[in-house]
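Chemist: just a sequence and a predicted model for now, questions to come.
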Amino acid sequence: MTPPLILWFRRDLRLDDLPMLSAALDSGQPVIPVFILDPETEALGAAPKWRLGLGLQTFAARLEAMGARIILRRGPALAVLESLLAETGATGVLWSRLYDPAAKARDSAVKAALKARGLRAESFAGHLMHEPWTVQTGQGGFYRVYTPYWRAVRGLPVAAPDPAPARLPVPEVWPASDRLEDWHLGAAMRRGAPVVAAHVRVGEAAALARMEAFLSGPVHRYAEARDLPAEPGTSRLSENLTYGEIGIRRLWHAALTAFEQGSPGAETFLKELVWREFSYHLLHHTPHIATANWKADWDSFPWASQGPQLTAWQRGMTGEPFVDAALRELYVTGTMHNRGRMIVASYLTKHLMTHWKAGLDWFADCLVDWDPAANAMGWQWAAGSGPDAAPYFRIFNPATQVEKFDPSGLYRRRFLAELSRNPGPEALAFFDAAPRSWNLDPARPYPRPIVDLATGRARALAAYAARGGQEPD
């Protein structure tokens, strides 16, 4: 019998456009797909871990339809892989690279240990178009500002995506597997799971359909409509990119075709894909961005880390309708419109003077499209402490923002039951998803603002000036 190769799946739950799979098929060996619930994966927040479980369930069904399967094992990655290698006689392990510090440390240890035993241990691109170390400034360093990064990569070639195979070469005997349901990946979601489940689109087929639907219509107005939370103007593919249910090369080339065929919004969408790449570029070169101020001189800034105002923000009860609508959208759908993300982040870090890390941690627990690089980059951009950040004195006013981006009030009414005589299902669903311990009731009056916007802005600017910043004229 030809000995197999182990394919270690992580955030790449697809068969289309997957370089590690293409390399395995080129070997002519049988393949054993494996997913490991290791400590790094166990550390995921409630919503991303639940959504991961859905992705695994769908991917397993995809493999079974091809006469294959995915082997589920729990434990430290190296120990699990060594056990599987011994059980199966596999000659090596292939995987797609990840770039957060915990994953890099784990993967480096696995590669070193397996290579020391004379086994094949190889990582591949697949999560990004451009590996972070391949894009350099003229001086040989890394980019700290997005616009020069965009100029550097927009003309770089992106390899054509590999098509999904019609079949997989499988071993004659499969190793034992855990049962997915025994992992209870959705336990922390509690009663929120059925609410959010109505809004997710799981799996490779759903991701490709989502891409095609977006590029055949909404992308044309993407440059304007992406800022309007009441309109279906975005792709919503961040959910599928997070779990690798669609290949980034497949998405890039499809969007590039739309741009070349004259779609006016496609270039803006391509820039957003490169913004994702830029986030990973920075996470690789400056890994502290995920846990600490990217700019060290912000370490002394007087942010609060907890308190009743943070609690009100988390529960969508600040009394600012745009802020609260966005935070309730997060609890109902598992995602948040990008304009909303900017507003709630600015409000928390500036009007409420609360540390961006508190917001980052909340998103990491609640977002089904949580991404370690994009989440860190977004929060530090909004707070002013990160690379290429919005100046601290740029403080989004939720009242004027809502007049500009939700003038009809459709978005607010969609998620704020207290502001409607006949609230819709999504507005009421927030109260079904929220923990009972919050003791919320849609019949109660909408809360008064927890901070006066002018007062909050003045306090933030005073703190900014005290650390040596200059308020603009």
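Modeler: Yes, it's here.
Chemist: use CA for all of it now, contacts and neighbours both
Modeler: Fine.
Chemist: mean confidence for stretch 200-220?
Modeler: Regarding stretch 200-220, the rounded mean pLDDT is 97.
Chemist: buried set for that stretch?
Modeler: Buried residues in stretch 200-220, defined by neighbour count with 16 or more other C-alpha atoms under 10 Å: 200-204, 206-208, 210-211, 214-215, 218-220.
Chemist: what about that stretch, start to end distance?
Modeler: This stretch, stretch 200-220, spans 24 Å end to end (C-alpha to C-alpha, to the nearest Å).
Chemist: quick one: contacts for the residue nearest to Met353 when sequence neighbours are not counted?
Modeler: For Met353, ignoring the flanking residues on the chain, the nearest one in space by C-alpha to C-alpha, 6 or more residues apart in numbering is Trp303 at 5.2 Å. Trp303 sits next to 349, 353-355 when contact means C-alpha atoms under 8 Å, 6 or more residues apart in numbering.
Chemist: re earlier: just the ones of the buried residues of stretch 200-220 in helices?
Modeler: Counted as lying in helices by DSSP state H, out of the buried residues of stretch 200-220, are 204, 206-208, 210-211, 214-215.
Chemist: and the two most separated of the residues you listed?
Modeler: The distance between the two most remote of those (C-alpha to C-alpha) is 16.6 Å, for Glu204 and Leu215.
Chemist: any weak-confidence spans in the stretch 101-250 of the chain?
Modeler: Within the stretch 101-250 of the chain, not a single segment meets pLDDT under 70.
Chemist: Provide a list of residues in contact with the residue nearest to Arg221 when sequence neighbours are not counted.
Modeler: In space, and not counting its chain neighbours, Arg221 is closest to Gly265: 5.4 Å by C-alpha to C-alpha, 6+ apart. Counting by C-alpha under 8 Å, 6+ apart, Gly265 touches 219-223, 259.
Chemist: how about a cut-off of 10 Å?
Modeler: When contacts are counted by C-alpha atoms under 10 Å, 6 or more residues apart in numbering, Gly265 touches 215, 218-226, 255, 258-259.
Chemist: among those, which one sits closest to Val158?
Modeler: Nearest to Val158 among these, counting by C-alpha to C-alpha, is Ala255 at 12.4 Å.
Chemist: and for the residue nearest to that closest one when sequence neighbours are not counted, the neighbour number?
Modeler: Once flanking residues are discounted, Ala255 sits nearest to Ala266: 6.1 Å by C-alpha to C-alpha, 6+ apart. Counted with other C-alpha atoms under 10 Å, residues neighbouring Ala266 total 25.
Chemist: and for Asp365?
Modeler: Burial of Asp365 is recorded as 19 neighbouring residues (other C-alpha under 10 Å).
Chemist: for it, give its distance to Ala103.
Modeler: Using C-alpha to C-alpha, Asp365 is found at 18 Å from Ala103.
Chemist: same check, this time on Phe259
Modeler: The gap separating Phe259 from Ala103 is 35 Å, by C-alpha to C-alpha.
Chemist: more neighbours: the two, which one.
Modeler: The neighbour comparison of Phe259 against Ala103 (other C-alpha under 10 Å) goes to Phe259, with 20 against 14.
Chemist: and that one, what pLDDT?
Modeler: Predicted confidence (pLDDT) at Phe259: the value is 97.
Chemist: again, but for Gly468
Modeler: At Gly468, the predicted lDDT confidence score is 68.
Chemist: and for Pro407?
Modeler: pLDDT, the model's per-residue confidence, is 96 for Pro407.
Chemist: and it, helix, strand or coil?
Modeler: Judged by DSSP: H, G, I helix; E, B strand; the rest coil, the three-state class of Pro407 is coil.
Chemist: test my guess that it contacts Gln401.
Modeler: Yes. In terms of C-alpha atoms under 10 Å, Pro407 counts as a neighbour of Gln401; the distance is 9.1 Å.
Chemist: show me the contacts for the residue nearest to Ala255.
Modeler: Contact analysis of Ala266 by C-alpha under 10 Å, 6+ apart lists 215, 218-223, 254-260, 272.
Chemist: quick one: which of those is nearest to Leu119?
Modeler: Among the contacts of Ala266, and counting by C-alpha to C-alpha, the member closest to Leu119 is Ala254, at 37.4 Å.
Chemist: I figured that closest one was touching Ala213, is that so?
Modeler: No. Counting by C-alpha under 10 Å, Ala213 is not a contact partner of Ala254; they are 11.6 Å apart.
Chemist: okay, helices next: where are they in the stretch 201-350 of the chain?
Modeler: 204-215, 222-225, 238-242, 248-260, 266-285, 308-314, 321-333, 338-346 (DSSP state H, counting those that start in this stretch).
Chemist: single out the most deeply packed of these.
Modeler: Most buried of those by mean neighbour count (mean count of other C-alpha atoms under 10 Å) is helix 321-333; its value is a mean of 26.
Chemist: now do it: distance to the chain's middle.
Modeler: Computed by C-alpha atoms, centre = their mean, to the nearest Å, the chain-centroid distance of helix 321-333 equals 17 Å.
Chemist: what mean pLDDT does that helix get?
Modeler: The model assigns helix 321-333 a mean pLDDT of 98.
Chemist: so Ile72 sits in a strand?
Modeler: For the record, residue 72 is Leu, not Ile. Yes. Looking at Leu72 with three-state DSSP, it is inside a strand.
Chemist: quick one: it from Ala193, how far?
Modeler: From Leu72 to Ala193 the distance is 23 Å (C-alpha to C-alpha).
Chemist: still on that earlier bit, shared neighbours of Pro407 and Gln401, anything?
Modeler: Shared contacts of Pro407 and Gln401 (C-alpha under 10 Å, 6+ apart): none.
Chemist: and the longest strand anywhere in the chain, what does it pack onto?
Modeler: In the chain, assigned by DSSP state E, the strand with the most residues is strand 31-37. Strand 31-37 sits against strand 5-9, helix 19-27, helix 46-64, strand 71-74, helix 77-88, strand 92-96, with contacts defined as 3 or more C-alpha pairs under 10 Å, 6 or more residues apart in numbering; DSSP states H and E.
Chemist: give me the contacts around the second one.
Modeler: Identification of contacts with helix 19-27 by C-alpha under 10 Å, 6+ apart yields 4-9, 12, 14-16, 30-31, 33, 93-97, 122-127, 161-165, 168-169, 247.
Chemist: cool, the fifth one as well?
Modeler: Judged by C-alpha under 10 Å, 6+ apart, the contacts made with helix 77-88 from elsewhere in the structure are 3-6, 8, 32, 34-40, 71-75, 90-93, 106-107, 109-111, 113-114, 119, 171, 173-176.
Chemist: mind doing that once more with 8 Å?
Modeler: The contact list for helix 77-88 (C-alpha under 8 Å, 6+ apart) reads 3-4, 6, 36-38, 73-74, 90-92, 106, 109-110, 174-175.
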